[in-house]
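Asks: what would the 3D arrangement of this be:
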Amino acid sequence: MKKQTSRVADILDLKGHTVFTIKPNETVETLSRRLKQKQIGAMAVSDDGETLFGIVSERDVAYGVAAHRGELHTLPVSALMTTKVITCTPEDSLETAAKMMSALRVRHLPVTDGNKLVGVIAMRDIIGHRLEAIQRTSRLVGNLVAPEH
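Replies: I've put the predicted structure just below:
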């Protein structure tokens with residue numbers, strides 16, 4: 001029996017393909033409000049919702065406090081964003097994505113199909129997906145050991 005490998009696309013299919021983006025010229029204050037409103041930890045930086053310029057996270061904002069102090073909220077997102085963004089594709093395995101995230105010490109990974117931004121996955125998405133798989137396996141094993149009458 002061939003083991004089925006979970007892919008990034010599996011997570012996107014579950015959580016949806018909505019990508020929350022912010023324009024590079026919008027302020028850090030606007031970014032912070034949107035992160036709170038959407039209850040997310042990072043946003044892709046894009047002018048059109050498809051072309052990825054960078055990514056900016058709550059960690060970038062926290063580090064920005066030390067560097068920019070009181071003016072932080074007025075700065076453009078482009079002042080904090082990471083521009084050398086590592087991405088994955090929908091066809092990448094979750095194992096590959098998790099290894100990249102762990103090695104690079106990032107919690108959010110933009111997903112691109114060609115040059116088009118199609119999603120963002122978080123380490124929390126991967127952990128949740130794995131937990132569901134473990135719970136399914138546990139239920140199956142439990143039913144084999146003690147089948148219902």
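Asks: now residue 81: phi and psi?
Replies: Phi and psi for residue 81, reported as degrees, to the nearest 10, are phi -70, psi 150.
Asks: mind listing what residue 40 touches?
Replies: The neighbours of residue 40, taking C-beta atoms under 8 Å, 6 or more residues apart in numbering as the test, are 20, 122. In short, each C-beta sits where N, CA and C put it, glycine included.
Asks: A helix includes it, no?
Replies: No: looking at residue 40 with DSSP: H, G, I helix; E, B strand; the rest coil, it is coil, so not inside a helix.
Asks: let me see the ranges of the strands in the chain.
Replies: 21-22, 42-45, 54-57, 108-113, 116-122 (DSSP state E).
Asks: residue 79: which of those is closest?
Replies: strand 54-57 (9.5 Å; C-beta to C-beta).
Asks: what's the closest one packed up against?
Replies: If contacts are counted by 3 or more C-beta pairs under 8 Å, 6 or more residues apart in numbering; DSSP states H and E, strand 54-57 sits against strand 42-45, strand 108-113.
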